[in-house]
Every structure is written in C-alpha cells, then in structure tokens.
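Undergrad: Sequence first, predicted coordinates after that:
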Amino acid sequence: MSTTVNPAAADEAAADVPQSRPVSRGALVRRRFMRNRWALGGIIVIIVLYIVAFSYPLFSPYSYEFHDTTNTYDPPSLTHWFGTDNIGTDMFVACMRGLQKSLTIGLLVGVISTALSAVVGATAGFFGGITDRAMMWIVDLLLVLPSFLIISIASPIFKGSSWLILVVLLVLFQWMITARIVRGMTLTLKTREYVSAARFMGQSPWRTIFKHIVPNMSSLLIVDATINVGSAVLQESGLSYFGFGVQPPDVSLGTLIATGTGSALTFPWLFYAPAVLLVVALLSVAVVGDGLRDALDPTSSRARRREKKRKDKLA
Amino acid sequence: MSASEITLDESVLDGAGDGPVLEVADLDVSFPSEAGRVHAVRGLTYEVARGEVLGIVGESGSGKSVSSLAVMGLLPEQARISGSIRFQGQQLLGLSDVQLSKIRGRRISMVFQDPLSALTPVYTVGDQIAEALLIHGRGRLSKAAAANRSVELLDLVGIPNAAARVKAFPHEFSGGMRQRAVIAMAIANDPDLIIADEPTTALDVTVQAQVLEVLKTAKEVTGAGIVIITHDLGVVAGFSDRLLVMYAGRAVESGNVNEVYQQPRMPYTLGLLGSLPRLDAAEKLPLVPIHGQPPSLVDLPQGCPFAPRCPLAVDDCLTAEPELSEVDSTSGHRAACIRSAELAATEAEVEDSIDGVEASNAAAIEAAVEVFGAELVEEPKAALRPRAERPVVLEVDSLVKHFAVTKGVVLKRKVGTVHAVDGVSFEVREQETLGLVGESGCGKTTTLMQILGLERPAGGSISVLGRDVSTLDGKARKAIRRDMQVVFQDPLASLDPRMPIGDVIAEPMQVHGFDATHIRKRIPELLDLVGLRAEHADRYPAEFSGGQRQRIGIARALALEPKLLVLDEPVSALDVSIQAGVINLLDKLKAELGLSYLFVAHDLSVVRHIADRVAVMYLGKIVEIGAVDAVFGEPKHPYTQALLSAIPIPDPVKERQRERIILSGDLPSPANPPSGCRFRTRCFLHATLSDSDKRKCVEVEPPRESQGDDHEVACHFARAKQVV
C-alpha cells in the first residue's frame, strides 16, 4: 500500500491534479458494495423474487383461492408447476402469494425493528440522564411482557384490518434487546475523540448520533437486521398457526410450511416448495447484509487490503 | 541508599568472566502475516558486557522490542528465529521453555513498559516479589526470608516505608511506584542481565527521572549488564554507555554513546538527532523532519531501507544493503551507510563555522539541518507588534472546576471534592502560542475541556474573542466555535474510522452551513495545506500513518479558518521523526494564517520550541507563567526547576554534567490538596527553609506575583536557578 507522502513532492503533485470531486461516504460505500459479487447476486435474487411474487398472475391462470378439486395432491407438472395440495390449490400460486407476505413482513420487521433499536439505544446512551432512564424503563417493561399473549389478545381487535398491523406488533416486541446493546456501545463510542471533535465543531447532538455513532455500530445493526428478518418470518408463521396473523384462505410461507411439514415425506412438494423459497430468500438477505457490512467497514479486508498492524505500542 | 546496605546472595563479582554477558549474532526474526512474512529483525548483532548499559533506539516497528523478546524467549510460537543468542557463553536459541525458565527471572530479568499490567492485581506487591525469589530459590530460601528480602528490595528501589507498603496491592501504588516494584522484582535474584523495554515511556518526566535513578542503583547493586530499549534519544543519552540505532529491523549505527551523538555517521541517526526539539536551545533551531515513513517489513525494497527517505541517497544506495562497518577508524563506532564519509565532511565543515562545540553535539545538529535542508519558519510581520497591542483571543480568569466524589449506588452521598482546576488564569493573544504544561493529573486537560465546552464555568470566567462564554446562547456559541477549533492527542481516535477523510474535513463546513461547491473546492486546498494529496480525500483514516492522520486532524481544525487552535498534546503519540514534521507544519500554519495556539503538552522540549509563552500547572493551579525564554532560562518556581531538570537532553556530555533535581514522591491527590502552597510536600526548597518560613508555606497560599517582565511566579521564596 503506498500511502507514503513526501510533503515536498505532494506540493507539486497537488498542483497538477485536476479538481477531482472528492467522493463522499455514500458513493464510496456504494462502490465498495458493488465490488462484492455475492452481495450483488443476493440483491438481484431478492428483487427477482419480489417481481415474480407480485406478477404471478401473468404466469399462472390460477388464484390462491381457486381449488382445482379434480387434481388434489398432483405432483409438479406443466399445468401445476409446484403441484397441488389436498384441496387442489395450485402450490406455485400459493407460494407466490405467501412470498409476498413473508418477504414484506420479514424485511419490514427486520429493518424497522433494527432502526428503532438503533435510535432508541443511541439516544438513551448519548443523552444519558433522565432520557436514558425513561427509555430503559420502557425497554425493561416491554421485555417482561409476554409478547405472544399480548399479540393474541390484541389480534381480535384488529381483525379485518390490514396485515400490516402484524408488522407493527412484531416490531414492538423485537427491538428491546438490541436497543440495550446499542446503548452500551453508544456509551463507549461517546467518549471517543471524534465524537468530542464533532461536539466542539458545533455539530448538533442528533446529527452526531446519525453521522458518527450509528455508522460505527453498523456491523452489529446489519447482523441484527438480518437475523430479525428470519425470526420475523418464523414468528409470523407461529402466530398464524395459532390462528393469529395471516388468516386462511390467505397464506404466507410460514403457514404453507406449517401445513406442509406433515406431508414432507409423502407429498414432498408441499413442504419443499415453500421451504426452499424461504431458505433462498433468507440466504440472499444474509449475503446482502454481509456485503453491506463489508462495504461500510473501512477495515474490512474483503473490500480492501488491511493496513499492517504496528509492532510497538505508541507511547 | 547505597549498595552496601543490602547483601546479595552472591558476590557482585561472582562469575564476572572476561567475556560479554550477552552476545547476539545474526539474529533473524520473522512472523507470518496475512500480507506475507514480516521480517521484524534482520541480521542483528550486538553484545553487552557486565556492568555495561546498551541503549537500543528506534522508532515503532524497528524491531527493537522483538529482538529483546527473542533474547528472553518470549516470542510467540509462530515466530521463526535464527542466528545465535549466547548468554554467558550458553546458547539460548533452541532451549526448551523449561530450561529457559531456569535462566529467565534469575539470571536475565526484564522490566516492561506498562507497570500496571506487569503486576498481578490480585496479589500484594510483596507477595509478587517474594514469588520471584521463591521460584528460583526453592528449598534454599524460607518464606519468611523471602518476605524480608522483598522489604529490603522495595527499600532499595526507594519505596518509602517499605515494611508497610509491602502489603499493598498494585492498584494502591502510583505508576512510578509500580515501576519501582517491577524493578525490585527484576533485581530480586541478582541477575546478570536486565532488559528494560521502554521502562519510562508510560511515566511522567519527574517520575521518569526517579525511575532512571533506580535503574542506576540496580545496576550498581547487581553489576548486571543492562539493555535499555527506548524511542527517546534523551533518556539513553545520560544513562547508557553504548548505543545501537535500529531501523527496519537492522542495526544501522552502533558505538560509544558520545561518538554516536557527536559524530553520527548514518543519515538516519543524524535525522533523529536533528528532529528532536531541544530544551537547551537558546535560539530556535529548525527541526529536521524525515520525510516519508519506515518501509513495510513484508517486502523490503532492494538496497538501503532508509534510501527512500534519505537526502544523501545516490543510485548506489539502491543496489545493495550496506553492511554495518567501522567508521572514523575509531574503535567500535560502526555505521551502515556508504556515504558516511561525506557526512563526516559536512560535519567538519559545519564544525569550523561554529566554535565551542568540542564537548557537545551542536555540530551534529547543525549538520543535520544542513543535510536535511530544514528551514526555520519566518515569523510573520504582525508578530513584531508588541504583545500588549495585540487583541486578546482567549482569556481565562480564576477558572474553577471541582468534581464531586460520591459514594453509594442509590443515594449518592457527596464524600469529597476533587479540585481539578482551582483558580487558573491566563490569556492568549493574537498570533501567540501559549504552552500549558504539567504532569498528568495537574488539571490541564480539564482546563481545556472547560474552554472547549463553552459552558458557564463553576467559578471564574472564560472569554473567547472578547465574549464571555456565560452570556452566550446556543446560536452565539456555535458562531464562536467557528473561531476556536481543536486538535486532539490521538490521531486515530479523533477521526471517525468510518468516514473517508474528505467527509471528515467537510464536516465542520457542513455544520456551519457552507455550500457544497465551496466545500468541494476547499477540501483539496486544505489537504494541500497540511502536506497531503488531494486524491487522498476518498481514503479512510486507517489507511494513513500516525503523522498523516494528525495532519488530517489539523486540516479539519483549519477548515473553518479559526483564529484560535487548541492543541491537546498533538505530537505526543507520534514517532520522533514524524513529530518534527508536524511541529514544523504547526509553525508554518501559524505564520501563514496568523493563528493563535493554546498548546497543551507534557513534553517541555516541544513547548520550548513552539511556544511564545508558557504556563506551568501543578495540582490545578498555575505556578509559573511567562515568556518562554524567561521561564526556561530562569525558572523561579521550584516545581518548574524540577520539571526542567528532569527532562533528558539528547546530548550525553551535557546530560552527564547536569545536576538533576529529583522530586520525592508523587503528585498528591487533588481530592485532598496540601494546605498553603500545594507543592510544599514535594518541594526541595521547602525542606531547606527555616521553621518560620516553612510555616508560611504551610499556612499561606503563595499568590502569583510578577518577577520581572512577563514572568509571574507563585512561590513565597522564588529565586532563579539555572537547570537546563
């Protein structure tokens, strides 16, 4: 790595350098992300899944509410790509319908709950004092509440309204532990000199949080969001199984897998079609998360070569 | 105390063979790393005789610590070691860990840099010294005898009231006392060789002087050979007999300490000497910056590793790496440079032009300036205006900051007050540099944070550019911040690791609402101003070296064109050769941009070089303030005198002649400062006073009184003393 600078030489070098636009952090992160082929592939897979999930009526004449009663338990064929289930529902259509729900719910819950925990944790840690205590009190309160019970009690109230309510409920009970971790990290980051530097240059506290504190925790947040996407899909299927969440005849990947599990050995397409889709979707999310983390982390060896560590401790 | 007070198991002269204690020959050490093998030490050869002190000097990454760890057999397993290390004729390389353990701690001992991590926190200091004795004297020494010996040893290294302190835990000791305890452990078994790896780097200067004294005592008592490893050319100047300068894993110069300092024959040594600001410089000498940075030890280029940074480099330098060979036909002085003859000629030329340099290394310094082409920054014309006519940029008047000491978890009871800053007053005028110096814990950082915070102080007042900060509202405070910027000590911690440096420099401008086109234009300008290239803007801080990062920090501070720059130890984390470049940059910027600096440092040599005025702090108070020449030339407060005399000068002849004032003890706790004069508990002057005078020191706090033109001292019995 040649970062050696001879100030004398730098003077002349600077003179003939064209006024190149300094690249901002956003552009640099994008460039580094694009360099990662896996992550790029992951993003493409997610986009393709989304497009197919929403445009399935173009490929398939069936609806998820239509039951082809003459063809129950049909193995995959040209008429029914993923086969049919016990009442003749086309599995391809059902999977696509489920994918719509699951991907949207998973991504929304993952992103929103992580964002919420980042904001709450960083705010509490950065401002300290009464803000900190109030916010941590709420966190502790939510942690001791039995989330499953609350959601099941609350869902009759929201019956008939949009399934987005489910997203809100899932988020509400998923952000607290991360918020606590984020608060702890903020407490250590707050004492770093670059945070003091931002304060002494007159940067507002909120901007300091979003410019210096949150980006420096991005590795944690991205990993957390990736895990949250997966767990939200599973939670949703769990809730749906007990009759809350997504209700029949509407389907989600979770409900499909739940009903298909029993037939995994006898009519494998009922189980494997939604399960493989779920695995592919979650893997893509994880790969994108990894790529994003590498792109954001300047010390990551994958985005660039790492600087050699110094042997001696500096005095 | 003297050596006779203590009787060691074996006579000092026992086993004093004719041969050297330690012979290292062709030592090679390499480590695997992701980028390839790191050749940390390459062909190192040296020897140490009994009772001799060998100083090994080098910058970070020069392999000095690795080579000593190799002697101790403490390198990690993946290290590949070849060559020979003979201790009293016995080959150490290839010995098993068990065999080495019989030698380590008994015949070779080591003093580490960080005294806190060298002691186990859960055992008492006495137990740890006794342990060192018992491990090697099993069967021959009873536990009671070992306990007695530890008291004797602690007494020997100058721990007051050793019999009681032997039961103390490491955390109850101050840094200096811990290092003494570590030295006591090192000499417990009367070793033949002591390796001290940066033994004073983590300590304050006054404590450093104490510890060096203790090491000298240790040498006298044990008669051991000492290898002292340091990056500080001052520390070794007075202490060592011979010197070995390392660069890129090799010895580049070695010889008698006087010769190396007076007639350096390798440009690197010359550059190092020239890059040190001198405490004893009557007039301001230019500092020699060594451009560039040490080469990567993974794939070294062909030829002399210093060639890319060397002003004397010629094409021949790039063909082969020069051997360490005799120079000057004097015995023992060797240098690895093909152009050492030219260096000698330049020096002889310079020597003719100045007189009275026989006994000092002034000629070498002049030669360094000549060879490296360093220039003193011209003082700006405005500086010629008398000080009193220039406007005051920063005024601090009887500033007070107390911290409450609380106890209890739920109900926090106040049990005391730490008087961190207790009535500090000073002013900084336009285009002036005020150096604020003092040991750690004296309150200089607290003062700084108070000024930078721009909040209403607990007591006293702060005004920036004529505006009292207690009257400021949010908007005015932000406006003032434009004119006052800060550069921090740690260049890595002060830059957000996740922001490319273009964004780092742009941030203050964005905060203060500059438009994007202006910012885009300004970033290359600023980078150029601090000696970096415009295309560096899209790199992350981790890709830069320490010195470059500090330049980035300076560029950020300058982005808003401030009038006052607050510098918090800006060079103390940098290697000497890099440090000079940053100091020169600060000098240049001050002259070009008409800046004022508030320069906080513990290194008085740097302050003498850069500051116009200096304020010396002790326990939250300023004890002496005035023009740099007055304070350094004729210090009148005993603390200033002690502080100055503790700073080692990188000139062995001068250093040995100096009278050193060794302060007793450590800084008292600021939670419970002494009554009257705060310095009296450690004051050497106080001890010589009559009883009535002593009472005055105890009862009356000395006010700051003028002692001549721009020189104020807070001492009842101020008298000048030449110490430098």
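TA: That came through, no problem.

Undergrad: now residue B:55, what's its secondary structure?
TA: The three-state assignment at residue B:55 reads strand, by DSSP: H, G, I helix; E, B strand; the rest coil.

Undergrad: Run a quick neighbour tally on residue 118.
TA: Reading this off chain A. By the criterion of other CB atoms under 10 Å in any protein chain shown, residue A:118 has 25 neighbours. All C-beta spots, glycine's among them, are computed from the backbone N, C-alpha and C.

Undergrad: looking at chain B here, not the other one
TA: Residues lying near residue B:118 (other CB under 10 Å) number 18.

Undergrad: Also residue B:406?
TA: Residue B:406 is flanked by 12 other residues according to other CB under 10 Å.

Undergrad: Kindly report the same for residue B:420.
TA: By other CB under 10 Å, the residues close to residue B:420 number 22.

Undergrad: Look at it and give its secondary structure.
TA: Following three-state DSSP, the label given to residue B:420 is strand.

Undergrad: Spatially, what comes nearest to it if we skip its sequence neighbours?
TA: Leaving aside its chain neighbours, residue B:420 sits nearest to residue B:446 (4.3 Å; criterion: CB to CB, 6 or more residues apart in numbering or on different chains).

Undergrad: interface residues of the stretch 1-150 of chain B facing chain A?
TA: Within the stretch 1-150 of chain B, the positions lying close to chain A (CB under 8 Å from any CB of the partner chain) are B:33-35, B:38, B:40, B:60-66, B:113.

Undergrad: what's near enough to touch the residue nearest to residue B:420?
TA: By CB atoms under 8 Å, 6 or more residues apart in numbering or on different chains, the contact list for residue B:446 reads B:401, B:420, B:421, B:620.

Undergrad: Derive a PyMOL selection command for the buried subset of those.
TA: Selecting only the buried entries of the contacts of residue B:446 in PyMOL, with 16 or more other CB atoms under 10 Å in any protein chain shown as the criterion:
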select buried, chain B and resi 401+420+421+620
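
Undergrad: Among the contacts of residue B:446, name the least confidently predicted one.
TA: Lowest pLDDT within these is found at residue B:420 (84).

Undergrad: quick one on the thing from earlier: tell me the buried residues in the helix or strand hosting the residue nearest to residue B:420?
TA: According to DSSP states H and E, residue B:446 maps onto helix B:444-453. Across helix B:444-453, burial judged by 16+ other CB under 10 Å covers B:444, B:445, B:446, B:447, B:448, B:449, B:450, B:451, B:452.

Undergrad: repeat for stretch A:104-122
TA: A:104-110, A:112-114, A:116-122.

Undergrad: ok, the residue of the stretch 51-200 of chain A at minimum distance from chain B - contacts?
TA: For the stretch 51-200 of chain A and chain B, the shortest gap (CB to the nearest CB) falls at residue A:193, measuring 3.9 Å. By CB under 8 Å, 6+ apart, residue A:193 lies in contact with B:488, B:489, B:490, B:493, B:494.

Undergrad: Secondary structure element holding the second one?
TA: In this structure, residue B:489 sits in neither a helix nor a strand according to DSSP H and E.

Undergrad: Grab the nearest non-local neighbour of it.
TA: residue B:569 is the one closest to residue B:489 (CB to CB, 6+ apart), at 3.9 Å.

Undergrad: Contacts for stretch B:204-212, please.
TA: Stretch B:204-212 is contacted from outside by B:158, B:174-176, B:179-180, B:183, B:199-200, B:203, B:235, B:238-239, B:439-440, B:602, B:604, B:642-643, B:645-648, B:660, B:662-663, B:666, using CB under 8 Å, 6+ apart.

Undergrad: That stretch: how far from the chain's middle?
TA: From the chain centre to the centre of stretch B:204-212 is a distance of 11 Å (CA atoms, centre = their mean, to the nearest Å).

Undergrad: which phi and psi does the residue nearest to residue B:489 have?
TA: phi 50, psi 50 (degrees, to the nearest 10).

Undergrad: For it, grab the count of nearby residues.
TA: Neighbour count for residue B:569, taken as other CB under 10 Å: 19.

Undergrad: ok, it touching residue B:598?
TA: No. When contacts are counted by CB atoms under 8 Å, residue B:569 is not listed as touching residue B:598 (11.9 Å).

Undergrad: Most neighbours among the contacts of residue A:193, which one is it?
TA: residue B:494 (26 neighbours).

Undergrad: Am I right that it is in contact with residue B:553?
TA: Yes. Using CB under 8 Å, residue B:494 is in contact with residue B:553, at 5.3 Å.

Undergrad: what touches both of those two?
TA: Residues touching both residue B:494 and residue B:553 (CB under 8 Å, 6+ apart): A:197, B:487, B:488.
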